[in-house]
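K.L.:
predicted model, plus sequence, below.
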Amino acid sequence: MLRFCRLSLISLSCFALLASSVIADELEDVVGEIPVSASETPATPGAAQFTPVDLSFVNYRIEFMLVVLAVGLISNYFYGSRKNAELSAKWERPIAEVLNANFSAVGDGTRVLEWDSAADMLLYASGRRHCKFVQGHLMLKARQDPLALLNDLVSNNQEKLEVEVVLNDDEIKGFVFAVVPRKRAKAMLRDRYDVSTFAKIVNNDTVSSKVALLSESADVTTQILDSGLDVILADEDALLEEIVITDVPAEKPESHDFKRQKKLSAVLRLPEPTVANVAKFKQAFEFVFYLVDYVAESISLRPETTRKLGKARDDAFKEFARMAEQEKQDALAKALAEKRRIELQEVDKMSPEQRRKWEEKDRKKQIKKEQSKRIRRVK
């Protein structure tokens with residue numbers, strides 16, 4: 001299959017280059033032509049003038065190459081879409097088996113995977129202990145799009161399944177823990193607010209050197225690895241490539257009233273769908289939901305660890321507390337300014353004697369307010 005994709009890309013690229021070359025030659029011919037005026041063209045009196053139509057291939061090279069290119073692109077689109085449909089059908093069965101064993105409501109009741117594009121499918125399931133729902137994204141190579149497929153081949157992008165489990169807040173301890181391929185560790189520390197703010201890379205000899213552990217507590221790291229994750233990560237060919245457990249948003253919030261959700265997300269690599277690989281994938285996918293139960297039922301942090309995690313969040317969220325206080329002060333100042341505006345409008349309607357009395361009363365009020373401010377500053 002990979003050989004066919006590469007040959008298709010090479011063929012289409014060659015056709016595109018050849019078409020460009022032909023167009024360039026035609027343009028050179030047009031530029032090089034010398035127009036001949038009608039007066040210089042000999043004509044036979046009384047004879048009808050006919051221009052013969054030359055239907056030779058040479059005169060229609062551009063059109064021919066464009067037609068071939070269009071046919072190639074259309075054929076590749078249908079072939080790539082059909083190939084992805086076949087692959088998705090092979091992966092849908094183990095995915096459906098795992099989801100149906102763990103959730104009471106899976107998909108729309110008829111299908112587990114729903115097409116989002118010719119190379120992407122979505123999944124959703126709900127009705128399970130310790131979590132609210134799971135949503136996922138099956139990403140195949142864009143075989144129907146030569147440019148996107150070329151990018152996948154050059155970048156060595158793997159086909160994968162991404163899932164995100166939204167956990168029950170009152171059943172899960174709040175912490176940040178992540179397992180990623182070591183080559184992606186720095187990017188995760190740079191791009192994710194939760195990981196960069198609370199976690200750091202930790203060393204552990206029980207896992208493969210190809211993966212990196214990021215955690216904010218040694219207590220958390222030890223207990224999660226004891227779930228059996230250490231055995232999975234010791235396998236250098238493991239399909240479970242990424243795990244993130246967090247109670248903080250992945251992107252830095254822009255306001256103090258941000259929504260905090262506890263989540264467990266995972267990325268599983270999709271190998272060739274052989275019988276052995278499908279069984280291995282199913283086992284790795286089942287472990288994700290076992291980990292949901294383990295985190296809810298078996299994680300028991302020491303009191304000092306819990307206090308440390310809470311303090312880290314209080315310190316990190318001080319900025320948002322200041323934002324909340326500033327918003328409160330701005331709202332109060334706006335309300336007072338509006339009240340003052342309405343009051344001045346009423347003053348404009350008063351008689352001169354009423355206005356004089358109001359100004360005297362307002363002057364005393366302002367003096368009293370200034371005195372109160374000075375007293376507070378002295379204290």
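P.N.:
That came through fine. Since this is a predicted model, take the numbers as computed values, not measurements. Residues are numbered from 1 along each chain as shown.

K.L.:
close enough to count as contact, Leu268 and Phe287?
P.N.:
No. Between Leu268 and Phe287 no contact is recorded; they are 9.6 Å apart, counting by Cβ atoms under 8 Å. (Glycine included, C-beta is placed from N, CA and C.)

K.L.:
anything in contact with each of these two?
P.N.:
By the contact definition Cβ atoms under 8 Å, 6 or more residues apart in numbering, Leu268 and Phe287 are jointly contacted by Leu240.

K.L.:
in which helix or strand would I find Glu241?
P.N.:
Take DSSP states H and E as the rule and Glu241 turns out to sit in strand 240-246.

K.L.:
need the contact partners of the helix or strand that comes right after that strand.
P.N.:
The helix or strand immediately downstream of strand 240-246 is strand 263-269, counting by DSSP H and E. Outside strand 263-269, the residues within contact range by Cβ under 8 Å, 6+ apart are 131, 158-167, 239-247, 281, 284-285, 288, 291-292, 295.

K.L.:
which among those end up buried?
P.N.:
Burial by neighbour count, judged by 16 or more other Cβ atoms under 10 Å, picks out 131, 159-163, 165-167, 239-247, 281, 284-285, 288, 291-292, 295 from these.

K.L.:
other SSEs contacting the lengthiest helix in the chain?
P.N.:
Across the chain, the longest stretch assigned as helix under DSSP state H is helix 61-102. The criterion is 3 or more Cβ pairs under 8 Å, 6 or more residues apart in numbering; DSSP states H and E, and the helices and strands that helix 61-102 contacts are helix 2-32, strand 105-106, strand 120-128, strand 131-139, helix 146-155, helix 275-297.

K.L.:
how big is the angle separating that helix from helix 275-297?
P.N.:
Using axes from the mean of the first three to the mean of the last three Cα atoms, to 10 degrees, the inter-axis angle of helix 61-102 relative to helix 275-297 is 50 degrees.

K.L.:
which one is Leu239 nearest to, not counting chain neighbours?
P.N.:
Counting by Cβ to Cβ, 6 or more residues apart in numbering, the nearest residue to Leu239 once its immediate chain neighbours are dropped is Ala284, at 4.5 Å.

K.L.:
any stretches of the protein with poor pLDDT?
P.N.:
Low-confidence segments of the chain, defined by pLDDT under 70: 1-59, 148-149, 152-156, 256-257, 321, 323-326, 373, 375-379.

K.L.:
distance-wise, check the residue nearest to Leu240 when sequence neighbours are not counted relative to Arg128.
P.N.:
Of all residues not flanking Leu240 in the chain, Ala284 sits nearest, at 4.5 Å (Cβ to Cβ, 6+ apart). Between Ala284 and Arg128 the distance is 18 Å, computed by Cβ to Cβ, to the nearest Å.
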